[in-house]
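Novice: sequence-free structure coming up:
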């Protein structure tokens, strides 16, 4: 019982009780000594009492004074050293321990630093060993990422509970804000998927492993996806499903547009053709029509022929637009086209290096230009052939220049009539230009000639040097069962968020001007799954607030209001525990707007201020900057006091705090919330 009581008492309280006992014991000993002296020597009792009181209060005062000095110079430094060592052991922090805080403890602080250095060296050695052992796995992982990320079809791997544990870039493009550990039903209408999975299960019962097709709408109804779903089996147990799909929206829309175009063509042709037929029949039935009537009939035929040609021209333009939308355009590097042309011709062709990116059918353009280069070099009258790319905003011009004989328009027209290749059948160069809604032409150029081909520029995607978002996790924890409070913290999904506001008084009329957040799944900060938006507060932003977060009235003029931004943020937080630094402040702004937003922010909430107060109760410094210094988290100056910058810093701090909570025995959500409740009174006295 005494041992349990000792564990519950803090170090500083135990020292305080020790010095209190020492002072009271000293006072008691003085009282006993004076009583014995009076009993033997006699004398005036008042003198003994006065002497005893002075001596007793002196001893008590001395004990209090020495106790305070001991607390300040021994107890607090010991707790600080213990906290620093625990932080470095549990949170993988390799910062040096500040020895100045324990200057009165002799060699204890250097010894703690020696332990910290040894721990850092051991951690570094372990890391080097892990890196050596996992080098091959890392290479395979990188290869897998590169191949899977750039598949031309959307791909998603789901758990047996239909939660996302892998997706690629195309899936992200088609489904929007897809994320790890999110349910498929948040992005796809579930009925077709469940029906396909049911057919997969029935096939498994029959001993067959097959893929089943599905046609499903996206959750918002804007896309139709045609795909197939296959089971993932491990030791005959279902480990998940693979969904491969492509966008069928354009195919369905193009089919509808073709039908509409055909009907419009028939309607546009029928009336002029009927009128022309009737007028011709009138002329044939009466050859002696008056001249004036014949002129009217001819004008009527001419008008209807003009109307017919106008209809055909309009239909041709609309058909070209439909065809260009359906043609397989994709981002292609100009350098790759240049390389393909050099490989497809024996002509000497100079191709300066280009970083341009085109949106085109790369094979068709390569084949077309290779054919033109062969024609130019065929008779030997042209030399110094050069192919370059000139970028001009949304357009990139491929320019094929030479010195020597020009190319006549008739020659160029004949070259474009030729089929591109056997792979395209009768499809000609002119057809390819029409599909790209462009043309090419020949013109003089500084003592020579050139052929110019304008094409649409493409936006660059991720480059090999860009940070890649975390797009898979094969170790997602199971869906929590029972009371969420009993769920281990390691199995929860978190959204760490921050807001910037017009001021500090949510009930006094201040409003949100920015919301940002990012997700933590399975202990990883998913930097590719973020939420960040400016918010129009519906009022002016005070200059004092702008000086802090640098958000001005002009910046939020076209931003969404809190109703739209709040709904989008609520969707982002679905199924997650909310985390913020001084969470009550940020949540007050959101909860006061719940009626306007139309959603309730009733997610469980954790506050890093309260967590810090519980973990580091020896200090009153729990600001975000203080915590970042404690854990070695760097906040770029330009990111401080921006919603996303502070959210990222809070997430880094929170991840490290989880290890310290576990060391303290707090492993569940309920335990963390209870710990925060215990620190609420302490929080009121803290500086944050």
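Specialist: Happy to help now that I have it. Given the structure is predicted, the values throughout are model-derived calculations rather than measurements.

Novice: any low-confidence regions in the stretch 101-250 of the chain?
Specialist: By pLDDT under 70, the low-scoring segments of the stretch 101-250 of the chain are 101-119, 123, 127, 134-152, 235, 249-250.

Novice: just the helices in it please.
Specialist: Ranges of helices in the stretch 101-250 of the chain, per DSSP state H, counting those that start in this stretch, are 108-133, 135-149, 169-175, 190-205, 249-285.

Novice: tell me how the protein divides into domains.
Specialist: The chain breaks down by automatic domain parsing into domains covering 2-131, 139-247, 251-326, 330-456, 484-684.

Novice: any chance of these in CSV, with mean neighbour count too?
Specialist: Yep, even glycine has a C-beta here, placed from its N, CA and C like the rest. Shown next, in CSV, are the domains of the chain (neighbours: other Cβ atoms under 10 Å):
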stretch, mean neighbour count
domain 2-131, 14
domain 139-247, 17
domain 251-326, 13
domain 330-456, 17
domain 484-684, 18
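
Novice: who touches the residue lying closest to residue 31 once chain neighbours are set aside in this structure?
Specialist: Take residue 31 and drop its neighbours on the chain: the residue closest to it by Cβ to Cβ, 6 or more residues apart in numbering is residue 52, 5.4 Å away. Listed by Cβ atoms under 8 Å, 6 or more residues apart in numbering, the contact partners of residue 52 are 30, 31, 34.

Novice: again, only using 10 Å
Specialist: 27, 30, 31, 32, 33, 34, 35, 37, 38 (Cβ atoms under 10 Å, 6 or more residues apart in numbering).

Novice: among these, name the ones in helices.
Specialist: Using DSSP state H, the subset of the contacts of residue 52 located in helices is 27, 30, 31, 32, 33, 34, 35, 37, 38.

Novice: of these, which is the nearest to residue 352?
Specialist: Distance to residue 352 across those (Cβ to Cβ) is lowest for residue 27, with 95.5 Å.

Novice: give the rounded mean pLDDT of the one helix or strand residue 295 maps to.
Specialist: Using DSSP states H and E, residue 295 sits within helix 291-326. Mean pLDDT, helix 291-326: 68.

Novice: again, but for stretch 337-349
Specialist: Stretch 337-349 comes out at a mean pLDDT of 86.

Novice: roughly how far is it from the heart of the chain?
Specialist: 40 Å (Cα atoms, centre = their mean, to the nearest Å).

Novice: do stretch 303-311 as well
Specialist: Using Cα atoms, centre = their mean, the offset of stretch 303-311 from its chain centre is 54 Å.

Novice: cool, and stretch 532-540?
Specialist: Worked out by Cα atoms, centre = their mean, stretch 532-540 lies 21 Å from the chain centre.

Novice: SS state for residue 603?
Specialist: coil (DSSP: H, G, I helix; E, B strand; the rest coil).

Novice: skipping its backbone neighbours, what lies nearest it in space?
Specialist: In space, and not counting its chain neighbours, residue 603 is closest to residue 578: 4.8 Å by Cβ to Cβ, 6+ apart.

Novice: would you confirm that the one you found contacts residue 499?
Specialist: No: the pair residue 578 / residue 499 is not scored as a contact, 11.7 Å apart, by Cβ atoms under 10 Å.

Novice: quick one: common contacting residues for these two?
Specialist: Shared contacts of residue 578 and residue 499 (Cβ under 10 Å, 6+ apart): 517, 586, 587, 590.

Novice: which SSE is the last one in?
Specialist: Taking DSSP H and E as the criterion, the element that holds residue 590 is helix 583-591.

Novice: give me the distance from whichever helix or strand comes after that helix to the chain's centre.
Specialist: Sequence-wise, the next helix or strand downstream of helix 583-591 (DSSP H and E) is helix 594-597. Distance of helix 594-597 from the chain centroid (Cα atoms, centre = their mean) equals 26 Å.

Novice: residues touching residue 657, list them.
Specialist: 87, 90-91, 489, 579, 606, 608, 611-612, 614-616, 627, 631, 666, 672.

Novice: recalculate using a threshold of 8 Å.
Specialist: By Cβ under 8 Å, 6+ apart, the contact list for residue 657 reads 91, 608, 611, 612, 615.

Novice: which residues touch the residue nearest to residue 603?
Specialist: 494, 495, 497, 587, 601, 603, 604, 605, 606.

Novice: helix, strand, or coil at it?
Specialist: With three-state DSSP as the criterion, residue 578 reads strand.

Novice: check what pLDDT it gets.
Specialist: For residue 578, the pLDDT comes out at 95.

Novice: specify the beta-bridge partners of it.
Specialist: residue 495, residue 605 (DSSP bridges).

Novice: find the nearest non-adjacent residue to residue 344, please.
Specialist: Nearest to residue 344 is residue 370, by Cβ to Cβ, 6+ apart, at 3.7 Å.

Novice: following the host helix or strand of that neighbour, which helix or strand comes up?
Specialist: Assigning secondary structure by DSSP H and E places residue 370 in helix 362-378. Following helix 362-378 in sequence order, the next helix or strand is strand 382-392 (DSSP H and E).

Novice: just the angle between that following strand and helix 362-378, please?
Specialist: Going by axes from the mean of the first three to the mean of the last three Cα atoms, to 10 degrees, strand 382-392 is angled at 150 degrees with respect to helix 362-378.

Novice: and strand 382-392, which strands flank it?
Specialist: Using DSSP bridges, strand 382-392 pairs in its sheet with strand 349-350 (parallel), strand 395-404 (antiparallel).

Novice: what's the helix or strand just after the last one packed up against?
Specialist: Read in the C-terminal direction, the helix or strand following strand 395-404 is helix 409-417, with elements assigned using DSSP H and E. For helix 409-417, the elements it packs on are helix 362-378, helix 429-435, strand 441-445, judged by 3 or more Cβ pairs under 8 Å, 6 or more residues apart in numbering; DSSP states H and E.

Novice: partner strands of the shortest one and their direction?
Specialist: According to DSSP bridges, strand 441-445 forms sheet pairs with strand 448-456 (antiparallel).

Novice: ok, and what's touching the strand it pairs with?
Specialist: Residues contacting strand 448-456 (Cβ under 8 Å, 6+ apart): 329, 358-360, 365, 369, 372, 384, 394-404, 406-407, 412, 436, 438-444.

Novice: mind doing that once more with 7 Å?
Specialist: Contacts to strand 448-456, defined as Cβ atoms under 7 Å, 6 or more residues apart in numbering, come from residues 358-360, 372, 394-403, 406-407, 436, 438, 440-443.

Novice: same check, this time on stretch 190-204
Specialist: 184, 210, 212, 213, 214, 215, 216, 229, 231, 241.

Novice: mind telling me which of the helices and strands packed on helix 409-417 the model trusts least?
Specialist: Minimum mean pLDDT among the helices and strands packed on helix 409-417: helix 429-435, a mean of 84.

Novice: pull the distance from that helix to the chain's centre.
Specialist: 39 Å.

Novice: what is it packed up against?
Specialist: helix 291-326, helix 362-378, helix 409-417 (3 or more Cβ pairs under 7 Å, 6 or more residues apart in numbering; DSSP states H and E).
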